[in-house]
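Chemist: here you go, sequence then predicted model.
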Amino acid sequence: EQRSRQKKTQVRKQEKVETEKENCFRPRMTDIEFSAMSKYFRHCLKKGLFDGFEGLDSNRLTLVYFCVSGLDLLSDLNDGESRQVLAWVRRAQIQQASESSGFRGSTFFVAGSNDESFWDVGHIAMTYTGLAILQICGSTVTALERSRILEHARRLQLKDGGFKCHAHENDSDLRYLFSAVAVCHILDDMSRIDVLAAEHYILQCLTYEGGFGLRPGCEAQGGSTYCGVAALTLLGRLNALSPAAHRAMVRWCLRRQVQGFQGRPNKDEDACYSFWIGASLDMLGASELADWPAVAAFSSACQDASGAMGKAAGMSADPLHAYMGLAG
């Protein structure tokens, strides 16, 4: 009986140690005004962006994604809002049968004549956010739409393994490769794209610093590092990184922490990198090495009068940094 009590005591002590260890790395979000953030996302969805963001209309689908996903993270997206969002997102979908498919960035681009249809094409990044919104709101695409979108992704892949953003653009970088891989992952079919070529392109973007640049030869940056790590993860090819490259990438990510995270060396901290860098560390299996209470404190300081987060302390909130700061 005495041994039994001693064993139970040891178990309780071990559980206490494990709990304290877990709490040590858990962000303290008590200073984040969650209700105010819900109000901000909802305002952007229903009434539009605040002054100064009119120039982002061509990327409206992505902005809607930030707001919808933000409300979803806060468990505050209701069925009525989901139905309204789905009705608008369907209008951003390329419906006509053509070589292009997927989603356009805004209903602003809907062609009114044959002369305008050349530019009314699906954008791979907008297709990713469009499909993500459908998933969050409990919807999906039809079998025919799925096939067309997958074929569109295949056509956007270039000979070097990278992806261009739409049919009339040949520029490529890791953002579009990640978007294409994410589209295929959401639609559960990687067979249309050349996975080995995509993997080769990603690894060509690896820099001597340890992170990923947007293109081969570019400087490593937090957003492109996330795109590279996330694409390899979705492809099931994260082990394509050698052990040395894996360690170097973890080290590069950890060195980006000041209080919050910076995107590159010698840059200021930025709320969005709590996601870009934080998610990269998580996929690399090293998130526990970061100082998350410090990140949470930085994110809290980035809240403006609306309660949502901006890029840094003293800067106005915007959907991207509000969402990324929350997601991080």
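Modeler: Sure, I can see it. Residues are numbered from 1 along each chain as shown.
Chemist: going forward, measure contacts and count neighbours with C-alpha atoms only.
Modeler: OK.
Chemist: where do the strands sit along the stretch 201-328 of the chain?
Modeler: Using DSSP state E, counting those that start in this stretch, no strands are assigned anywhere in the stretch 201-328 of the chain.
Chemist: my read: residue 58 touches residue 106, true?
Modeler: Yes: Residue 58 is within contact range of residue 106, at 5.4 Å (criterion: Cα atoms under 8 Å).
Chemist: pick out whichever of these two has more residues nearby.
Modeler: Neighbour count, other Cα atoms under 10 Å: between residue 58 and residue 106, residue 106 has more, with 20 against 16.
Chemist: which residues does the more buried one contact?
Modeler: By Cα atoms under 8 Å, 6 or more residues apart in numbering, the residues touching residue 106 are 57-61, 92.
Chemist: so which of those belong to strands?
Modeler: In this view, these have no member that belongs to strands under DSSP state E.
Chemist: between those residues, which is closest to residue 175?
Modeler: Of all those, residue 59 has the smallest distance to residue 175: 14.4 Å, by Cα to Cα.
Chemist: how many other residues sit next to the closest one?
Modeler: 14.
Chemist: against residue 76, how distant is residue 91?
Modeler: According to Cα to Cα, to the nearest Å, residue 91 stands 24 Å off from residue 76.
Chemist: how far off centre is stretch 190-199?
Modeler: Here the centre of stretch 190-199 is set off from its chain's centre by 21 Å, with Cα atoms, centre = their mean, to the nearest Å.
Chemist: pLDDT score for residue 168?
Modeler: Residue 168 carries a pLDDT value of 84.
Chemist: endpoints of stretch 268-276, how far apart?
Modeler: Distance across stretch 268-276, first residue to last, is 15 Å (Cα to Cα).
Chemist: I meant to write stretch 235-246 there.
Modeler: 17 Å.
Chemist: who touches that stretch?
Modeler: Applying Cα under 8 Å, 6+ apart, the external contacts of stretch 235-246 come out as 181, 190, 195, 199, 203, 210, 229, 232, 284.
Chemist: for these, which two are the farthest from each other?
Modeler: 190 and 210 (27.5 Å).
Chemist: re earlier: and which of the contacts of residue 106 is nearest to residue 136?
Modeler: Ranked by distance to residue 136 (Cα to Cα), the contacts of residue 106 are led by residue 61 at 13.8 Å.
Chemist: my guess is that closest one meets residue 128, correct?
Modeler: No: with contact defined as Cα under 8 Å, residue 61 does not reach residue 128; the gap is 9.9 Å.
Chemist: and residue 50, what's its pLDDT?
Modeler: Reported pLDDT for residue 50: 64.
Chemist: element containing residue 147, please.
Modeler: helix 143-156 (DSSP states H and E).
Chemist: got the buried residues for the following helix or strand past that helix?
Modeler: Downstream of helix 143-156, the next assigned helix or strand under DSSP H and E is helix 174-186. Using 16 or more other Cα atoms under 10 Å as the test for burial, helix 174-186 gives 174-184, 186.
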